[in-house]
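In: Pasting the sequence and the predicted coordinates here, then a few questions.
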Amino acid sequence: MFLKIVKMQSLGLAVSKEEPEAQPEQQDVACGLENLPVSSWPPEVEPAPFQYTPDHVLGPGADIDPTEITFPGCTCLQTPCVPGTCSCLRHEENYDSHSCLRDVGSEGKYAQPVFECNALCQCSDRCKNRVVQRGLQFHLQVFKTDKKGWGLRTLEFIPKGSFVCEYAGEVLGFREVQRRIQSQTVHDSNYIIAIREHIHNGQVMETFVDPTHIGNIGRYLNHSCEPNLWMIPVRIHSMVPKLALFAAKDILPQAELSYDYSGRFLNQMDSDDGERLEHGKLRKPCYCGARSCAAFLPYDSTLYGPLNPNIIHSGDTVALPHCIR
């Protein structure tokens, strides 16, 4: 809702009664598919069109439809969902009484797995173990930056630990990821993200998401070497995780939202030449402006190599991970 304040000018007792100029209608980047509209700035320039989806969609090469409900529900009908009685809470409560993530991944610590209650659970829709599935709770805006293209910022205060948005798009198979990555030029924006979760038996589960053509507002999040968001894989209905972004600290209105594309652990040089990759392509410079800036955007050389047989993809049949680090 936009409030237009009209300044009235008077000469003596006469008041102008001219019709106020009409306020231009704001574009909703989310196309009405989110809880809240997402505006863009400046209004005279629009982001490039893409197909909006608030959730993951099945893409080429993926083995499982991420929208299918594959997890059983809990039986917490008379009692609240708490560890020890709720099958969805394996270790401890995920969220506090303010719906904020309890452990926002402190420095040097890997993220713990998060399982939310799902559509098959007998608990109430008001269960405090349902946060990411409720969607956007803060007003966000896509805006044009000076050097980084389009970015995403908040229009209101976001407390530390709050869920901000998902990074949603096409869930891809490894071969399709390789094909798309290797067809890119240095001038193309790369939206593909690879999430690797280390399971208790030493195996690694991988999930690949690409919001380039089909995605949500998470595609506008820029990288920062000192980010204010922290990405956590959250599972609700499916083994394919939702890539949920939580506030790593209190975030003030108008602040740009960002996360570390490497997960804060892998932003390292991949060759002796800091600017050039072993595949003949140049690294893209980082413009985050942080004091600890690594100068270049993170780069994942494994996406150019052969398929690793020890890697489990999100669509493969696998027991639920007991310890994801």
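Out: It's in. Numbers count the residues shown, from 1 in each chain.

In: Quickly find the element holding residue 181.
Out: If you go by DSSP states H and E, residue 181 is part of helix 174-182.

In: I meant to write residue 196 there.
Out: strand 193-198.

In: how far does that strand sit from the chain's center?
Out: Taking Cα atoms, centre = their mean, to the nearest Å, one finds the center of strand 193-198 at 13 Å from the center of the full chain.

In: same question, stretch 138-145
Out: The chain centre lies 14 Å from the centre of stretch 138-145; the measure is Cα atoms, centre = their mean.

In: What residues of that stretch count as buried?
Out: Residues of stretch 138-145 classed as buried by neighbour count (16 or more other Cβ atoms under 10 Å): 138, 140, 141, 142, 143. Placement of C-beta: from N, CA and C, glycine included.

In: How about the contacts made by the second one?
Out: In other words, residue 140. The contact partners of residue 140, taken as Cβ atoms under 8 Å, 6 or more residues apart in numbering, are 36, 38, 152, 153, 154, 155, 164, 165, 217, 257.

In: One more: the last one?
Out: Under the criterion of Cβ under 8 Å, 6+ apart, the contact partners of residue 143 comprise 40, 41, 42, 150, 151, 152, 153, 256.

In: and the first one, how many neighbours does it have?
Out: It refers to residue 40. 18 (other Cβ atoms under 10 Å).

In: Surely residue 39 and residue 29 touch.
Out: Yes: under the criterion of Cβ atoms under 8 Å, residue 39 lies in contact with residue 29, with a separation of 7.3 Å.

In: so what sits against both of those two?
Out: residue 142.

In: Can you say which helix or strand has the closest residue to residue 242 other than its chain neighbours in it?
Out: Counting by Cβ to Cβ, 6 or more residues apart in numbering, residue 242 lies nearest to residue 234, which is 4.8 Å off, once chain neighbours are set aside. With elements taken from DSSP H and E, the one containing residue 234 is strand 229-235.

In: Given that strand, what are its sheet partners and their directions?
Out: strand 114-115 (parallel), strand 242-247 (antiparallel) (DSSP bridges).

In: Which positions within stretch 149-165 qualify as buried?
Out: Neighbour counts over stretch 149-165 (16+ other Cβ under 10 Å) mark 150, 151, 152, 153, 154, 155, 158, 161, 162, 163, 164, 165 as buried.

In: Might you report the residue contacts of the first one?
Out: Counting by Cβ under 8 Å, 6+ apart, residue 150 touches 47, 142, 143, 144, 220.

In: Partner strands of the helix or strand hosting the third one, with direction?
Out: Taking DSSP H and E as the criterion, residue 143 maps to strand 140-144. Looking at strand 140-144 with DSSP bridges, its partner strands are strand 39-41 (parallel), strand 150-154 (antiparallel).

In: Output those strands in a markdown table, with distance to residue 241 and mean pLDDT appended to each entry.
Out: Output for the strands paired with strand 140-144, formatted as a markdown table (distance: least, Cβ to Cβ, whole Å; pLDDT from 0 to 100):
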| stretch | distance to residue 241 | mean pLDDT |
| --- | --- | --- |
| strand 39-41 | 28 | 97 |
| strand 150-154 | 21 | 98 |
